[in-house]
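> Show me the folded form of this:
(one chain, ligands or ions: 2)
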Amino acid sequence: MKENLNIDWSKLPFDYMRTDYNVRCYFENGKWGDIEVSDSENINMHIAATSLHYGQEIFEGLKAFRGVDGKIRIFRLHENAMRMRESATGLCMEPIPVELFEEMVLKVVKLNERFVPPYGTGASLYIRPLEIGMSASVGVRKASEYLFMVLVTPVGPYFKTGFGLTNICILREFDRVAPKGTGRWKTGGNYAAGLAAGELAHSKGYSAVLFLDPREKKYLDECGPANFFAIKDGVYITPQSESILPSITNKSFMQLAEDMGIKVEQRHIPVEELEEVQEAAACGTAAVASPIGEIDDIDTGHKYVIAKDGKPGPITTRLYNSLRAIQYGEQPDVHNWCTIVE
Ligand code: PLP
Ligand code: COI
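Ligands and ions are numbered 1, 2, ... in the order given. Have a look, this model is predicted:
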């Protein structure tokens, strides 16, 4: 018998909380094994595992929502499975079969059903699939054995302001990734490489760093752990770049914008163009759409005030509401983005 949960769902931070189970699967002798269910928070690994020494680690982030009808919906499960395969190929790791990924995510959500926050609390169940190189190697080479696991944890908003304005900054002394490097894959090293800039930004009171393209420092790239979009004269604009993660939330917003008759442009966005935008937001699974009030270019001293009337803009608000409505089953899922957990 499990203890009763005593969680204040509407006040959840974006953080780790212990849940009942996680699921694991090992790739050994050239094949994936059986799915294992575990109630341990620990893993046993070799001290010379390639993930520990040479960064063979990739992950995903997606969410499950308790809908208005009481059903649990996982948002864009298939897309996340596909992206994880891209990351695996990028890091010379073993790609996880899409069916295995989907089966394990569905299983771990079902096993932890009581941690899916109630409808109306604004919280969701964050799902974190993770693959690591397990076999020992001191020479720099790819592993022959891998562990794929999925953990879940209930979360609230990533940026403390939720759907309130947040300020971000540009720090020209830092790059997160190289121009043709690992930015397009979801690997831990990218986040380690962005930590110093993130810490500096936080110490100055900003919620995130808006990274510029690492080749020329002329164009916008992405916004800490999220993509970036802006609204300029009614058009949805978002950076085209080979050094950013192809955000599934951003892709969804682009589709929703088109559905609403809003023109979408994915292209290079020069920093100075921020002067001409009326709305801007950080977008991602964790960030959803976090509207941006002001963007400060710390090294040039230039401040771009985006939300001139001090509140989230109308198009960002419409897009956010529409995405949430699909995730919570309040609006028809015309693009089949949600997988219902039976
Ligand atoms: N960019 C980075 C670096 C991220 O970590 C994330 C989060 O997953 C995103 C963008 C947003 O991607 P998605 O919308 O698929 O969550
Ligand atoms: C997500 O939005 O899922 C992310 O992975 C962002 C994060 C690193 C917390």
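> Going by C-alpha atoms from here, please, whenever you check contacts or count neighbours.
Will do.
> Tell me how the protein divides into domains.
9-155, 166-327 (automatic domain parsing).
> between the ones you listed, which gets nearest to ligand 1?
domain 166-327 (3.4 Å; CA to the nearest ligand atom).
> do you know which of the domains of the chain lies nearest E342?
The closest of the domains of the chain to E342 is domain 9-155. By CA to CA, the value is 8.0 Å.
> Check which helix or strand A257 maps to.
Using DSSP states H and E, A257 sits within helix 248-259.
> hmm, who's touching the helix or strand following that helix?
Per DSSP H and E, the first helix or strand lying C-terminal to helix 248-259 is strand 264-267. Applying CA atoms under 8 Å, 6 or more residues apart in numbering, the contact partners of strand 264-267 are 235-241, 254, 257-258.
> 10 Å - rerun?
219-220, 229, 231, 234-241, 253-255, 257-258 (CA atoms under 10 Å, 6 or more residues apart in numbering).
> possible to save the domains of the chain as a markdown table with mean pLDDT, mean neighbour count and distance to ligand 2?
As requested, the domains of the chain are exported to a markdown table (pLDDT from 0 to 100; neighbours: other CA atoms under 10 Å; distance: least, CA to the nearest ligand atom, whole Å):
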| stretch | mean pLDDT | mean neighbour count | distance to ligand 2 |
| --- | --- | --- | --- |
| domain 9-155 | 98 | 19 | 4 |
| domain 166-327 | 97 | 19 | 4 |
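> okay but Y191 is in contact with L245, surely?
No. Counting by CA atoms under 10 Å, Y191 does not reach L245; the two are 11.7 Å apart.
> joint contacts of the two?
183, 225.
> Just confirm E28 contacts S144, I think it does.
Yes. E28 lies in contact with S144 (CA under 10 Å); the separation is 7.2 Å.
> Identify the contacts common to these two.
Counting by CA under 10 Å, 6+ apart, the residues touching both E28 and S144 are 134-135.
> Would you mind giving the secondary structure of I132?
When classified by DSSP: H, G, I helix; E, B strand; the rest coil, I132 comes out as strand.
> contacting residues around it?
Each residue near I132 by CA under 10 Å, 6+ apart is listed here: 26, 49-52, 55-59, 88, 93-94, 143, 145-149.
> for the closest residue to it other than its chain neighbours, phi and psi?
Sequence neighbours aside, E57 is the residue nearest to I132 in space, at 4.6 Å (criterion: CA to CA, 6 or more residues apart in numbering). In terms of degrees, to the nearest 10, the main-chain angles of E57 are phi -150, psi 130.
> For Y126, which non-adjacent residue is spatially closest?
K63 (4.6 Å).
> Doesn't the one you found belong to a strand?
Yes. The assignment for K63 is a strand, going by three-state DSSP.
> follow-up on the earlier one: out of the contacts of I132, which are inside helices?
Using DSSP state H, the subset of those located in helices is 50-52, 88.
> Pick out the most distant pair among these.
L52 and A88 (16.1 Å).
> Got the confidence number for G162?
pLDDT recorded at G162 is 80.
> Please report phi then psi for the residue nearest the centre of the chain.
For the chain, the residue nearest the mean C-alpha position is T285 (4.3 Å; CA atoms, centre = their mean). Main-chain torsions, T285, degrees, to the nearest 10: phi -60, psi -50.
> so how far is A48 from the closest residue to E94 other than its chain neighbours?
Spatial nearest neighbour of E94, chain neighbours left out: A88 (5.9 Å); criterion: CA to CA, 6+ apart. Distance of A88 to A48, computed by CA to CA, to the nearest Å: 20 Å.
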